[in-house]
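**Q** A structural model of the following input is requested.
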Amino acid sequence: DCGQPRRHRGEPKPTATTALAKEAEAVARCQELIGEEPIHDPLKTFRNQQSTLGLSKKAMTAKTHRTHKEVDPGTQSLIDRIADDSSLKAPPMPKRPNLKSGTTKSKLQALSRYIHAFEYNHTGKSYFKMSRDRGLKHVHFTAREIIREALPIQCVEAVFLAVHLTAELECLDLRVPLSFKSKCGEAHYRHIVLAVRDASTGKWGSLGISRRKVLAFKEPTFE
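**A** Sure thing, here's the model as predicted:
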């Protein structure tokens, strides 16, 4: 029974609400014993009252933003300073290529330039929530988010983009995510690109992004 007391027949089953209440009671008791005052969290207070406030989604969002300012005014002041600085130029948005005409080679070159326009993300942390096992719908959804936000990307995001952008290209008859490892000195690195096959020639190329250009785009010249 993992140390849990048995419930007698007819005794109501404990609920999540009951467990939270008991936890809050225990915390309050501990604070009382050690002489600490309860910590006031305005954001938590607001969330606890959301169901009784009767606010619309828009009003709740606005109130949440105001509450966040109360919780972390320092960070919010930095955000406001950037947003209000008219001397800062808007970040460039990569321009999606026109793929209605041209050869397979020229279309893949245009797509590669577009993917590289997002620039490589050197922070080591992705800006997007991705899951490679959630199906094609998730891939397209994430790709549209990447296009909309125009933030730096890494190799997995580039493959998501490539899958989305080549979905309607009839000049390609096969698209396969290709993962591999590379070695530099004693260090090993995982990498992934989208391998694509030219329907007219049967030759393979690839789309992607990398710290090293030789590990990203390849024209369709490989058997």
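**Q** Can you give me the end-to-end span of stretch 143-154?
**A** Stretch 143-154 has an end-to-end distance of 12 Å (C-alpha to C-alpha, to the nearest Å).
**Q** quick one, strands of this structure?
**A** 172-184, 187-198, 204-207, 218-222 (DSSP state E).
**Q** closest to Ala117 out of those strands?
**A** With C-beta to C-beta as the measure, strand 204-207 is the member of the strands of the chain nearest Ala117 (13.2 Å). Where you see a C-beta, it was placed from the backbone N, CA and C, and this is true even at glycine.
**Q** CA-only coordinates of the closest one in CSV, if you can.
**A** C-alpha atoms of strand 204-207 as CSV (Å, rounded to 0.1, in the frame of the first residue of the first chain):
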residue,chain,number,x,y,z
TRP,A,204,19.3,13.3,-53.9
GLY,A,205,20.0,16.6,-52.2
SER,A,206,19.3,18.1,-48.7
LEU,A,207,17.9,21.1,-46.9
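**Q** Tell me the helices and strands packed up against it.
**A** Counting contacts by 3 or more C-beta pairs under 8 Å, 6 or more residues apart in numbering; DSSP states H and E, strand 204-207 packs against helix 104-116, helix 155-165, strand 187-198, strand 218-222.
**Q** how about a cut-off of 6 Å?
**A** The contact analysis (3 or more C-beta pairs under 6 Å, 6 or more residues apart in numbering; DSSP states H and E) places strand 204-207 against helix 104-116, strand 187-198, strand 218-222.
**Q** hmm, who's touching that strand?
**A** 108, 111-112, 162, 193-197, 218-220, 222 (C-beta atoms under 6 Å, 6 or more residues apart in numbering).
**Q** Restricted to buried residues, select these in ChimeraX.
**A** Only the buried entries of the contacts of strand 204-207 go into this ChimeraX selection, using 16 or more other C-beta atoms under 10 Å:
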select :108,111,112,162,193,194,195,196,197,218,220
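**Q** one step back: so of the strands of the chain, which one's packed in deepest?
**A** Most buried of the strands of the chain by mean neighbour count (mean count of other C-beta atoms under 10 Å) is strand 204-207; its value is a mean of 21.
**Q** Can you give the strand pairings for that one, parallel or anti for each?
**A** strand 187-198 (antiparallel), strand 218-222 (antiparallel) (DSSP bridges).
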